[in-house]
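Colleague: Okay, predicted coordinates and the sequence, questions at the end:
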Amino acid sequence: MNTLKRKERFIPYRKTDIIAMCCDDAHLSEKDVLKFQDVCKLLSSIFHFRFHKSLETLKDSYAPVNPDLDTQLVYPKTEEEKTQMESVLISELKQLLDAANFEVITKEDLDNAMQEESLFKIRLNVDFDDFEEVLFFRRGESEKEETLISWFGLRKKKISFINYGRVVIYVKYKDQKYFDQQKRKQLFFTPGSTIIKLFQNIPRSDLEMLFPNTEVRMKTIDKLIIGVPAAVGGIIMLATKLGATLILTGTLLAFWLGMRDEPVVLDQTALLGLAAGFGTLGAFLWKQFSNFKNRKIQFMKTLADNLYFKNLDNNTGVFHRLIDAAEEEECKETILAYYFLLRSGKAMDTEELDRNIEQWFQEHYQQSLDFEIQDALRKLEELGLAITRDNMISAIPLNDARIKLDAIWDSYFEFNYTT
């Protein structure tokens, strides 16, 4: 079960499908469909070229704090330049995520998520003091339902939870000086570095498992499951198997402490009994320790298995995925706004255009979304595909659109070779 929790800007269809959906809408002639497809190809190429610049900016500004860098770093040369580049990184990343229709997960949202019970029934602990800055972003919020099975399949319980289709996490570690002050030597990360990760299908209540320093902790119920049988078993063992050993040990201690005058005779039989008793006690204690460790390992495996299949990309790789997502979203919004203006055959105001697009998705595809009309119109006007007069917007004809977009593409590389 997957139900949309609330309207989002994200358009949950591929760009190719959006173009096909518009063409199948039966409002364009056969010739106009071909022209419309040409317009879409040109739009895709223009947005791809523009976002390539953003990708290069992100890669350059991330290099000084990239823990995966495999090349020699020449720039920045000063700490001030490094700080400036980190500022560019955060600013550019936020703009990219906004273009890809991601939403910010606020500190309040994160705190609420940390208070919710984990879907995987494990207790997680995060040391926030390790981080200098933490940013969370999500896209595709939905309400899901799942059946949890416990007590060896005897108990089944259906639960509903909020799920995020995509989650991006930006984490900057504190510098080496901080960890030196804490006297922490063996670190699994590079102090001062920044990690960026992209995950899929993350329950809101389990956002804390995405932190790189997450530790699995025992819940009270898990401690009782291990502790109560251990205590009961220990009492029974002391009463049945270790009685003679305890009496002999107590007698020896009393003699050594001067509380008993009569010496204790330790013959071979007594020594063997003492050794057997302590051996049994040691084996019992080791078994309980192993039970504790095995249960914790089981929880860690649950966490690792979930992260393994939910992790989509890391660090620089995240930029490439986000660039592709942003290109898709920008193209889809522009294509839809242009098509519906073209389809109407008349000028429309902003509210009518927005309403028509959202109703079309609801009626034809049972999809509720919050179309980002202002951003779509801004792109149309910037590209010259729409004209606004007296707050009424109209689309330019398909032939003119092809000529205008082709001219924009041709103008990207104009050089004066005489200078």
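Modeller: In hand now; what should we look at?

Colleague: Show me what counts as buried in whichever strand or helix holds residue 47.
Modeller: When secondary structure is defined by DSSP states H and E, residue 47 falls within helix 30-62. Taking 16 or more other CB atoms under 10 Å as the basis for neighbour counts, the residues of helix 30-62 that come out buried are 33, 35-36, 38-40, 42-47, 51, 54-55, 57-58, 61-62. Every C-beta, even on glycine, is put in place using the N, C-alpha and C of the backbone.

Colleague: residue contacts, residue 136?
Modeller: Contacts were defined as CB atoms under 8 Å, 6 or more residues apart in numbering; by that measure residue 136 touches 104-105, 109-110, 167-170, 207.

Colleague: right, and the pair among the residues you listed with maximum separation?
Modeller: Based on CB to CB, the longest span within the contacts of residue 136 runs between 109 and 170 and measures 15.2 Å.

Colleague: Have a look at those two and say which one is more surrounded.
Modeller: For residue 109 versus residue 170, neighbours defined as other CB atoms under 10 Å are more numerous around residue 170 (19 against 15).

Colleague: Name the SS class of that one, please.
Modeller: strand (DSSP: H, G, I helix; E, B strand; the rest coil).

Colleague: Local confidence estimate at the nearest residue to it once chain neighbours are set aside?
Modeller: In space, residue 170 comes closest to residue 135 once its chain neighbours are excluded; the distance is 4.0 Å by CB to CB, 6 or more residues apart in numbering. According to the predicted model, the pLDDT of residue 135 comes to 93.

Colleague: Report whether residue 135 is found in a strand, as I expect.
Modeller: Yes: inclusion of residue 135 in a strand is indicated when three-state DSSP is applied.

Colleague: where along the stretch 301-419 of the chain do the helices fall?
Modeller: For the stretch 301-419 of the chain, applying DSSP state H, counting those that start in this stretch gives helices covering 316-344, 350-365, 373-383, 398-410.

Colleague: what's the most buried one of those?
Modeller: helix 316-344 (a mean of 21; mean count of other CB atoms under 10 Å).

Colleague: Rebuild the contacts of residue 136 as TSV, extending it with distance to residue 378 and pLDDT.
Modeller: What follows is the contacts of residue 136, written out as TSV (distance: CB to CB, whole Å; pLDDT from 0 to 100):
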residue	distance to residue 378	pLDDT
104	21	92
105	26	91
109	28	81
110	31	81
167	28	94
168	24	95
169	29	94
170	26	95
207	32	85
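
Colleague: same for the helix holding residue 47, what does it pack against?
Modeller: helix 15-23, helix 79-99, helix 316-344, helix 398-410 (3 or more CB pairs under 8 Å, 6 or more residues apart in numbering; DSSP states H and E).

Colleague: want to try a markdown table for these, with distance to residue 156 as columns?
Modeller: Output for the helices and strands packed on helix 30-62, formatted as a markdown table (distance: least, CB to CB, whole Å):
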| stretch | distance to residue 156 |
| --- | --- |
| helix 15-23 | 37 |
| helix 79-99 | 38 |
| helix 316-344 | 37 |
| helix 398-410 | 56 |
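
Colleague: Cool, thanks, talk later.
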